[in-house]
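**Q** Fold the following for me, if possible:
(one chain, ligands or ions: 1)
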Amino acid sequence: MSKDKKPDVMEKIVSLCKRRGFIFQSSEIYGGIGGFWDYGPYGVKMKRAIEALWWDYMVEQRSNVEGLDSTIISNPKVWAASGHLDKFGDLMTDCRECKSRHRVDQMEDPTTCPNCDSKDLTEPREFNLMMKTYVGPVSTEENVAYLRAETCQPIFVDFNQVRVSARQKLPFGIAQVGKAFRNEINPRNFIFRSREFTQMEMEFFCFAEDSMEWYGYWRDQRLAYYKDLLEFTDEDIRTEDHAPDALAHYAKAALDIEFKFPFGWGELEGIHHRGEWDMTRHQEFSGDNLEYFDQENNRKVTPTVVETSVGLDRTFLALLCKAYDEDTADTNKEGKAQDTRVVLRFPAIVAPIQVAVLPLSKKLAPQAEEVYKKVRKYFRSEMDLTGSIGKRYRRQDEIGTPYCITFDFESLEDNAVTIRNRDTMSQERVAIEDLRDYFEKAIDKQ
Ligand code: GAP
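**A** The predicted structure follows:
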């Protein structure tokens with residue numbers, strides 16, 4: 001098995017994703033549109049599974065975190081208050097020679113075009129990343145609105161609404177999963193940096209004096225999530241503290257959880273101590289009182305915020321990169337090496353298909369269908385009838401299915417099936433009535 005993830009592995013992953021319907025360019029028949037990606041049948045299954053896992057871990061399993069689903073467009077004053085209209089930008093430069101555009105902070109040498117080596121670059125200038133639109137029939141300045149650049153701002157704005165209706169007291173959190181939009185200058189590395197993406201964010205409101213403790217708590221919780229649920233190891237992820245001079249305009253302390261992608265270490269998640277910045281600003285700009293009355297100590301405080309913020313698409317990409325494997329040690333009956341077996345070794349909990357039902361012969365389809373109907377109630381499943389059993393195993397390996405059920409002629413007699421494990425290749429005979437129990441134990445780690 002090759003563990004050597006060379007950069008060209010990205011090309012293989014992108015091509016596999018397109019071929020097997022995980023992820024492909026948006027509006028491809030029109031030539032696509034830079035930085036936008038569609039998730040196909042297997043992609044959307046897995047995307048929802050990742051979201052459900054995050055939501056369960058961050059919201060359902062905690063009594064001190066509430067959920068929210070806010071709109072993508074809000075009153076534009078939200079983005080003036082958050083600082084995004086002023087400060088949310090990058091310096092960019094254009095190459096006069098080849099007409100390519102670059103973010104200055106990403107150039108190795110800001111005086112040379114990374115595309116064609118020309119020195120003829122325009123003066124760096126500020127570029128705001130907010131996506132602009134108009135609300136209502138007239139496209140005038142007073143009707144300008146913005147697509148949210150992060151999902152957390154509506155959480156701050158709705159703080160009182162959520163706190164009062166959910167009868168929460170400090171400290172507590174509000175979580176949201178949803179689309180965010182950034183007019184990135186250079187979308188790149190497949191879904192790593194795109195212009196439309198999904199964020200999973202949790203804002204934890206606490207007292208200033210306890211906030212560094214909560215910051216450490218959430219860092220540890222998030223690392224445990226990656227290791228225990230997504231099966232990332234110390235070789236896959238690391239934490240990087242932001243240097244004080246590199247902190248975002250709102251942050252008092254921040255760290256990135258980085259993943260080792262084939263193209264290098266890249267940010268997967270940010271843990272940010274946002275201080276009182278957001279709540280103070282929204283209070284100032286809205287004129288509403290966002291203070292919290294601390295009954296125990298008879299005082300009013302502006303809540304301090306600790307944030308965990310991760311991209312769903314980046315999590316997906318990290319899982320793809322970690323899972324991609326090529327197995328050339330496989331041999332056929334004559335002992336000859338088969339062509340390469342491509343396997344996505346996804347953790348079963350997020351695999352798009354968790355159980356595939358494969359009748360050995362088409363004649364067994366009606367009985368196998370009964371098994372399929374039983375398992376699909378509890379696990380993401382599919383049935384595949386076409387091609388040799390070997391080919392069908394390969395197909396399932398390629399989409400990362402951890403368990404294949406083979407229904408054979410003996411199954412008619414003993415009411416049992418063979419379960420083939422993607423990673424160990426071991427085969428086990430299991431009674432049909434025990435399948436739910438078997439897979440629940442094998443798949444559900446929470
Ligand atoms: N609320 C804080 C915030 O948005 P961020 O570091 O700008 O912080 C958080 O973004 C996470 O969102 C990143 O760690 C990344 O996973 C994801 N993300 C940010 N920009 C992205 C983009 N253009 N494409 C895909 N994911 C992105």
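**Q** When you work out contacts or count neighbours from here on, use the C-alpha atoms and nothing else.
**A** OK.
**Q** What parts of the stretch 101-250 of the chain come near the ligand?
**A** 150, 152, 192-195, 197, 199 (CA under 6 Å from any ligand atom).
**Q** Could you measure from the residue positioned nearest the centre of the chain over to residue 319?
**A** Nearest to the geometric centre of the chain sits residue 312, at 1.7 Å (CA atoms, centre = their mean). Remark: distance between residue 312 and residue 319 (CA to CA, to the nearest Å) = 11 Å.
**Q** what do you get for residue 419?
**A** The spacing between residue 419 and residue 319, counted by CA to CA, is 24 Å.
**Q** Run through the strands of the stretch 301-446 of the chain in chain order.
**A** For the stretch 301-446 of the chain, the strands defined by DSSP state E, counting those that start in this stretch occupy 304-311, 324-327, 341-344, 355-359, 381-383, 403-407, 416-421, 427-431.
**Q** Spit out the contact partners of residue 279.
**A** 156, 290, 302-304 (CA atoms under 8 Å, 6 or more residues apart in numbering).
**Q** ok, residue 443 touching residue 351?
**A** No - the pair residue 443 / residue 351 is not scored as a contact, 9.8 Å apart, by CA atoms under 8 Å.
**Q** need the residues of the stretch 251-400 of the chain near the ligand, please.
**A** So the stretch 251-400 of the chain meets the ligand at 267-270, 309-311, 314 (CA under 6 Å from any ligand atom).
**Q** circling back: pretty sure the residue nearest to the centre of the chain is touching residue 194, no?
**A** No - assessed by CA under 8 Å, residue 312 is found out of contact with residue 194, at 11.7 Å.
**Q** Could I get the full set of helices for the stretch 301-446 of the chain?
**A** 312-323, 365-376, 389-399, 409-414, 435-443 (DSSP state H, counting those that start in this stretch).
**Q** Please identify the most buried of those helices.
**A** helix 312-323 (a mean of 22; mean count of other CA atoms under 10 Å).
**Q** tilt between that helix and strand 304-311?
**A** Relative orientation of helix 312-323 and strand 304-311, computed by axes from the mean of the first three to the mean of the last three CA atoms, to 10 degrees: 50 degrees.
**Q** coming back round to it: check contacts around the residue nearest to the centre of the chain.
**A** Residue 312 neighbours (CA under 8 Å, 6+ apart): 47, 50-51, 197-200.
**Q** The ligand versus residue 388, what's the distance?
**A** Per CA to the nearest ligand atom, to the nearest Å, residue 388 is found 39 Å from the ligand.
**Q** try residue 102
**A** Residue 102 is 15 Å from the ligand, by CA to the nearest ligand atom.
**Q** Would you pull up how far the strand or helix carrying that residue lies from the middle of the chain?
**A** Element membership for residue 102, per DSSP states H and E: strand 101-103. Counting by CA atoms, centre = their mean, to the nearest Å, strand 101-103 is centred 25 Å from the centre of its parent chain.
**Q** State the next helix or strand along the chain beyond it.
**A** As assigned by DSSP H and E, the chain's next helix or strand after strand 101-103 is strand 125-128.
**Q** Partner strands of that following strand, with direction?
**A** Its sheet considered, strand 125-128 pairs with strand 89-94 (antiparallel) by DSSP bridges.
**Q** distance of whatever residue of the stretch 101-250 of the chain ends up closest to the ligand from residue 94?
**A** Here the stretch 101-250 of the chain gets closest to the ligand at one residue, residue 193, 3.4 Å apart by CA to the nearest ligand atom. Distance of residue 193 to residue 94, computed by CA to CA: 20 Å.
**Q** Please tell me I have it right and residue 378 contacts residue 437.
**A** No - at 10.3 Å, residue 378 and residue 437 do not qualify as touching, with contact defined as CA under 8 Å.
**Q** pLDDT weak spots in the stretch 1-150 of the chain?
**A** Along the stretch 1-150 of the chain, the model assigns pLDDT under 70 to residues 1-7.
**Q** and with 90 instead?
**A** Applying pLDDT under 90 to the stretch 1-150 of the chain flags residues 1-7, 86-95, 99-110, 114-115, 122-128.
**Q** For it, which segments count as helices?
**A** Using DSSP H, counting those that start in this stretch, helices in the stretch 1-150 of the chain cover 9-19, 41-55, 77-81, 84-87.
**Q** in the longest one, what's buried?
**A** Looking back up the chat, that one is helix 41-55. Neighbour-count burial for helix 41-55 flags 42-47, 49-51, 53-55 (criterion: 16 or more other CA atoms under 10 Å).
**Q** helices or strands up against that helix?
**A** Judged by 3 or more CA pairs under 8 Å, 6 or more residues apart in numbering; DSSP states H and E, helix 41-55 is in contact with helix 312-323.
**Q** Now the stretch 301-446 of the chain against the ligand: closest residue?
**A** residue 311 (3.3 Å).
**Q** Residue 193 touches residue 34, doesn't it?
**A** No - at 10.6 Å, residue 193 does not count as touching residue 34 under the criterion of CA under 8 Å.
**Q** Common neighbours of those two, please.
**A** Joint contacts of residue 193 and residue 34 (CA under 8 Å, 6+ apart) are residue 187.
**Q** out of these two, which sits in the more crowded spot?
**A** More neighbours surround residue 193 than the other of residue 193 and residue 34, with 19 against 14 (other CA atoms under 10 Å).
**Q** So for that one, what's the pLDDT?
**A** We note a pLDDT of 96 for residue 193 in this prediction.
**Q** Can you name the residues that contact it?
**A** By CA under 8 Å, 6+ apart, the contact set of residue 193 is 35, 184, 186-187.
**Q** For residue 200, which residues are in contact?
**A** Residues counted as contacts of residue 200 (CA under 8 Å, 6+ apart) are 51, 54, 151, 175-178, 309-312.
**Q** Could you list the low-pLDDT ranges of the stretch 201-350 of the chain?
**A** Using pLDDT under 90, the flagged stretches of the stretch 201-350 of the chain are 244-252, 327-340.
**Q** redo that, cut-off 70
**A** 329-338.
**Q** I figured residue 267 was touching residue 255, is that so?
**A** No - Residue 267 is beyond contact range of residue 255, at 9.6 Å (criterion: CA under 8 Å).
**Q** okay, now the domains of this structure?
**A** The chain breaks down by automatic domain parsing into domains covering 9-83+146-320, 353-445.
**Q** and the shortest one, what's its mean pLDDT?
**A** The predicted model gives domain 353-445 an average pLDDT of 96.
**Q** So what's the gap between it and the chain middle?
**A** Using CA atoms, centre = their mean, the offset of domain 353-445 from its chain centre is 28 Å.
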